[in-house]
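1. Pasting a predicted model and its sequence here:
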Amino acid sequence: MTTTPPPHAPKAAADRHRPVASLPAGRRTPAVIAAGWLHTARFLTTAPQLHHLPALDVPEIAFVGRSNAGKSTCINTLTQQKQLAYASKKPGRTQHINLFSLGKQGFTDAVLADLPGYGYAAVPKQDKIRWQQVMANYLVTRENLVGIVLLCDPRHGLTELDEILLDVIRPRVETGLKFLVLLTKADKLTRAEGAKVLSIVRLQAGGGEVKLFSALKKQGVDETSQLLWQWAHPTGAAATMPTSPQAPAFDGEIDA
Ligand SMILES: Nc1nc2c(ncn2[C@@H]2O[C@H](COP(=O)(O)OP(=O)(O)OP(=O)(O)O)[C@@H](O)[C@H]2O)c(=O)[nH]1
Ligand SMILES: [Mg+2]
């Protein structure tokens, strides 16, 4: 049986790069709305330690994971911005907690947090311990935190440090904190490898949501964007949706 695509289907990809408000109502799909919202991201602040973070009353979504897993690149891809978050081939590039506001200028309705990675061998032991404590405190005490995206290079799978992080956040996940594992750099896997690692990590994540993601191939971008939009707008407050300016194509640095 064949299905007829909706009349707006050929325009769907281009719609993601247009101001949402300029589109006819029928073309304001959830993917277009989520992409337009994420594209409003701009730098809010950077904090070397937890007590430097401003207290906020809007939903916050944190990107965590091992050093070099692709957290900053993922934020740049989702927000369709080249250099919003610092991404680099050199591990340990993100050293502070960096916050990015979402929503119309002056009407922040959510915040993304790019966290330094853990597990980078070259970091002195004392610094590693200090950072693990800062992160654990952040994950346990940050009051406006509504969701965590754990990024993981599928070629390494969930490591011991990832498992410790899962243990730290489990009590909050059980009481409603949203949680997603993104298996990054999926462009480096064959389809069979991708399917295999997906099922293994789904088991490790205890039934939590797990997706393949590639900044290079734009795999998983629409689904992840829509999920984050839903986390930040649990009541579906589409009426307050901001407009999006013209989005540039991503051409940041990507692992070869
Ligand atoms: N091929 C490929 N490379 C990627 C992808 N995502 C990220 N990378 C590369 O992986 C490297 C690390 O990316 P970052 O985004 O800086 O990683 P990070 O997790 O923020 O690293 P830290 O800040 O050190 O914790 C960079 O060279 C990126 O270009 C992807 O989807 N595909
Ligand atoms: Mg980073």
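-> Now that the structure is in, tell me what you want to look at. Ligands and ions are numbered 1, 2, ... in the order given.
2. count of residues packed around the residue in the chain that ligand 1 sits nearest to?
-> Among the residues of the chain, Gly117 lies closest to ligand 1, at 2.4 Å counting by C-beta to the nearest ligand atom. Bear in mind the C-beta positions are built from the backbone N, C-alpha and C, glycine included. Other residues near Gly117 number 26, with proximity taken as other C-beta atoms under 10 Å.
3. and it, backbone torsions?
-> In this entry, Gly117 is assigned phi and psi values of phi -80, psi 160 (degrees, to the nearest 10).
4. Now do Ala256, the pLDDT please.
-> The per-residue pLDDT reported for Ala256 equals 45.
5. could you pull out the helices for the stretch 151-256 of the chain?
-> 160-174, 191-204, 221-232 (DSSP state H, counting those that start in this stretch).
6. quick one on the thing from earlier: would you agree the residue of the chain closest to ligand 1 is in contact with Arg66?
-> Yes - using C-beta atoms under 8 Å, Gly117 is in contact with Arg66, at 5.3 Å.
7. Mind giving me the packing neighbours of the lengthiest helix in the chain?
-> The helix of greatest length in the chain, counted in residues with DSSP state H as the criterion, is given as helix 125-141. Identification of packing neighbours for helix 125-141 by 3 or more C-beta pairs under 8 Å, 6 or more residues apart in numbering; DSSP states H and E yields strand 60-65, strand 145-152, helix 160-174.
8. out of those, nearest to ligand 2?
-> The closest of the helices and strands packed on helix 125-141 to ligand 2 is strand 60-65. By C-beta to the ion, the value is 8.2 Å.
9. Compute the inter-axis angle for that closest one and strand 145-152.
-> For strand 60-65 against strand 145-152, the angle between stretch directions is 20 degrees (axes from the mean of the first three to the mean of the last three C-alpha atoms, to 10 degrees).
10. starting at the chain centroid, how far to the following helix or strand past strand 60-65?
-> From strand 60-65 onward toward the C-terminus, using DSSP states H and E, the following helix or strand is helix 71-78. Helix 71-78 has its C-alpha centroid displaced from the chain centroid by 7 Å (C-alpha atoms, centre = their mean, to the nearest Å).
11. does any part of helix 71-78 sit near ligand 2?
-> Yes - under the criterion of C-beta under 5 Å from the ion, ligand 2 is reached by helix 71-78 at 71-72.
12. list the helices and strands that helix packs on?
-> Counting contacts by 3+ C-beta pairs under 8 Å, 6+ apart, helix 71-78 packs against strand 60-65, strand 110-114, strand 145-152, helix 221-232.
13. Turn the helices and strands packed on helix 125-141 into a markdown table, including mean pLDDT and distance to Ser72.
-> Written out in a markdown table, the entries for the helices and strands packed on helix 125-141 read as follows (pLDDT from 0 to 100; distance: least, C-beta to C-beta, whole Å):
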| stretch | mean pLDDT | distance to Ser72 |
| --- | --- | --- |
| strand 60-65 | 96 | 8 |
| strand 145-152 | 97 | 10 |
| helix 160-174 | 91 | 18 |
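14. For the stretch 1-150 of the chain, which residues are neighbours of ligand 1?
-> Counting by C-beta under 6 Å from any ligand atom, the residues of the stretch 1-150 of the chain close to ligand 1 are 65, 67-73, 87-89, 91-94, 116-117.
15. Quick check: phi and psi on the nearest residue to Gly220 once chain neighbours are set aside?
-> With C-beta to C-beta, 6 or more residues apart in numbering as the measure, Phe213 is the residue that lies nearest to Gly220, at 3.9 Å, once sequence neighbours are left out. In terms of degrees, to the nearest 10, the main-chain angles of Phe213 are phi -140, psi 140.
16. Please tell me the pLDDT value assigned to Phe213.
-> According to the model's per-residue confidence, Phe213 sits at a pLDDT of 98.
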